[in-house]
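Undergrad: I need the structure of the sequence given here:
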Amino acid sequence: MVPENPRNIIFNKYEMGRVLGQGNFAKVYHGRNLATNENVAIKVIKKEKLKKDRLVKQIKREVSVMRLVRHPHIVELKEVMATKGKIFLVMEYVKGGELFTKVNKGKLNEDDARKYFQQLISAVDFCHSRGVTHRDLKPENLLLDENEDLKVSDFGLSALPEQRRDDGMLVTPCGTPAYVAPEVLKKKGYDGSKADIWSCGVILYALLSGYLPFQGENVMRIYRKAFKAEYEFPEWISPQAKNLISNLLVADPEKRYSIPEIISDPWFQYGFMRPLAFSMKESAVGEDSTIDHFGGEEEEVPELVAAMGKPARPFYNAFEIISSLSHGFDLRSLFETRKRSPSMFISKYSASAVVAKLEGMAKKLNFRVTGKKEFTVRMQGMKEGRKGKLAMTMEVFEVAPEVAVVEFSKSAGDTLEYVKFCEEQVRPSLKDIVWSWQGDSN
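TA: Residues are numbered from 1 along each chain as shown. Next comes the predicted model:
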């Protein structure tokens, strides 16, 4: 049944409903998928506002991160679309509200607090395995679905591997005062993963106590207490939970529990079941589709033109090539729905010659070719890494008879290991066929 008001329909795909929330540069609406009747949340962002407030990098990073971290306890990004003036992020609709609302009413019993904390750590561990640190974990950014299960949201302050210095440290201080780790404020660089663990410790304390561990009349008093890890436990928290919190809220990040240590803790282990992360291939964000921009007012909604099928030999268009090599204001990654890989290059060789070179590289680097279709090569390493054996997929797109674009994506293994492998092994091995790497100056 088609809704009566056609102005509420975007891209012939979603019905826009009531406003769920509003921020400085975006509004979030309740929406409905017309084909499946699924409820969604649609974040609408004005591009002009992004440029004016210099928030382009932030929203691009948020989209990139949400594409990377598809997990049962993370709010899912379903689709990204755009008109000439607006960007639409279609996300999972989580109707249970914020965990903050529960905490604001008072302390939780230990079983409920443990369940939410287990789900939080599962999500954070998954993010860290992909090189993503959240940097603003707090109950306000933890939502609950209809089954009372936790969903981590708001990745606007998150960090990706490329934001780190050569020593792996982050430098930009960010977060919410009551939850931010003390080392973040020292301006000497900090490990984003360890800073996230501190925030998780503050959250666990708040769940069990009903209030925050570090309190004061102003931000500086809060920071002084946090720098010393100066807090007291209420009497009702069990000794086992106190022990875990005491190992999380440690001012020295080197002495703070790691996620493997958290997961092996007896209090945490009780009733813990590790959820299986979703496959990236299931996400609509990864489908081939393009947006046809019409002229006229920005309220005129363009059609979403879905690709009618993939040819035997995939092609890139000129717009994508130019955009991939641009350092300027490139919103391609916001409104395209093709899943982008961490690495991409252009070669002045034919697609078949590039495929042959990729297979030779695999053998040279002691990788086993595990699957091969026309213009797609899959390979897996022999050694076990932090998250198992590293595996990658390489797809070759022919642009012209002697010009090809090659995309790399990680199929399995640890993200940081994959990034290091690409930089130290893959790039040097392919230098004789590469014309230009994505992002390199021309």
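
Undergrad: May I ask you to name the longest strand in this structure?
TA: strand 388-400 (DSSP state E).

Undergrad: for the helix or strand containing Ile203, packing partners?
TA: Per DSSP states H and E, Ile203 falls inside helix 192-209. Packing contacts for helix 192-209, counted by 3 or more Cβ pairs under 8 Å, 6 or more residues apart in numbering; DSSP states H and E, involve helix 99-104, helix 110-129, helix 239-248, helix 259-263. Just so you know, the C-beta spots here come from the backbone N, C-alpha and C atoms, and that holds for glycine as well.

Undergrad: Beyond the longest strand of the chain, next helix or strand please.
TA: Sequence-wise, the next helix or strand downstream of strand 388-400 (DSSP H and E) is strand 403-412.

Undergrad: what residue is smack in the middle of the protein?
TA: The centroid of the chain falls nearest to Val65 when counting by Cα atoms, centre = their mean (2.2 Å).

Undergrad: pLDDT on whichever strand or helix holds that one, on average?
TA: Assigned by DSSP H and E, Val65 belongs to helix 56-68. Averaging pLDDT along helix 56-68 yields 83.

Undergrad: relative to strand 403-412, how tilted is that helix?
TA: Angle, helix 56-68 to strand 403-412, by axes from the mean of the first three to the mean of the last three Cα atoms, to 10 degrees: 60 degrees.

Undergrad: Distance check, the residue nearest to the centre of the chain against Thr172.
TA: 15 Å (Cβ to Cβ, to the nearest Å).

Undergrad: doesn't Ser246 make contact with Trp267?
TA: No - Trp267 is beyond contact range of Ser246, at 11.3 Å (criterion: Cβ atoms under 8 Å).

Undergrad: So between the two, which is more surrounded?
TA: More neighbours surround Trp267 than the other of Trp267 and Ser246, with 19 against 14 (other Cβ atoms under 10 Å).

Undergrad: per-residue pLDDT, the closest residue to that one other than its chain neighbours?
TA: Once flanking residues are discounted, Trp267 sits nearest to Gln240: 4.0 Å by Cβ to Cβ, 6 or more residues apart in numbering. Gln240 carries a pLDDT value of 97.

Undergrad: Check Ile245 too.
TA: pLDDT, Ile245: 98.

Undergrad: again, but for Ile87
TA: So Ile87 comes in at 89 (pLDDT).

Undergrad: What of Val396?
TA: You'll see Val396 listed with a pLDDT of 81.

Undergrad: That one touches Glu359, doesn't it?
TA: No - counting by Cβ under 8 Å, Glu359 is not a contact partner of Val396; they are 11.3 Å apart.

Undergrad: Which neighbours do those two have in common?
TA: Counting by Cβ atoms under 8 Å, 6 or more residues apart in numbering, the common neighbours of Val396 and Glu359 are Val377.

Undergrad: of these two, who's got more company?
TA: Each of Val396 and Glu359 has its neighbours counted (other Cβ under 10 Å); Val396 has more, 24 against 16.

Undergrad: OK, contacts around the more buried one?
TA: Counting by Cβ under 8 Å, 6+ apart, Val396 makes contact with 351, 354-355, 358, 375-377, 404-406.

Undergrad: Just the residues you listed: which are in strands?
TA: Checking those against DSSP E, those in strands are 376-377, 404-406.

Undergrad: The residue nearest to Lys364 when sequence neighbours are not counted and Val406, how far apart?
TA: Nearest non-adjacent residue to Lys364, counting by Cβ to Cβ, 6+ apart: Ser429, 6.3 Å away. Remark: distance between Ser429 and Val406 (Cβ to Cβ) = 13 Å.

Undergrad: Who has more neighbours out of these two?
TA: Val406 (25 against 17).

Undergrad: what sits opposite the more buried one in the beta ladder?
TA: Assessed by DSSP bridges, Val406 has beta-bridge partners Phe345, Val396.

Undergrad: is it true that it touches Ser347?
TA: Yes - counting by Cβ under 8 Å, Val406 touches Ser347, with 6.3 Å between them.

Undergrad: shared neighbours of those two, which are they?
TA: Counting by Cβ under 8 Å, 6+ apart, the residues touching both Val406 and Ser347 are Val354.

Undergrad: which parts of stretch 85-93 are buried?
TA: Neighbour-count burial for stretch 85-93 flags 86-93 (criterion: 16 or more other Cβ atoms under 10 Å).

Undergrad: Out of those residues, which comes closest to Leu20?
TA: The nearest member of those to Leu20, counting by Cβ to Cβ, is Tyr93 at 8.5 Å.

Undergrad: And that closest one, how close does it get to Leu120?
TA: Remark: distance between Tyr93 and Leu120 (Cβ to Cβ) = 20 Å.

Undergrad: ditto for Arg256
TA: Relative to Leu120, Arg256 is positioned 16 Å away (Cβ to Cβ).

Undergrad: Can you mark which positions in stretch 106-117 are buried?
TA: 107-108, 110, 113-117.

Undergrad: Just flag the most distant two among the residues you listed.
TA: Greatest spacing in these, by Cβ to Cβ: Lys107 and Lys115 (14.5 Å).

Undergrad: low-confidence ranges in the stretch 51-200 of the chain?
TA: Along the stretch 51-200 of the chain, the parts satisfying pLDDT under 70 run over 52-54, 167, 187.

Undergrad: I'd guess Arg274 is in a helix, am I close?
TA: No - counting by DSSP: H, G, I helix; E, B strand; the rest coil, Arg274 falls outside a helix, being coil.

Undergrad: burial of it, as a residue count?
TA: 11.
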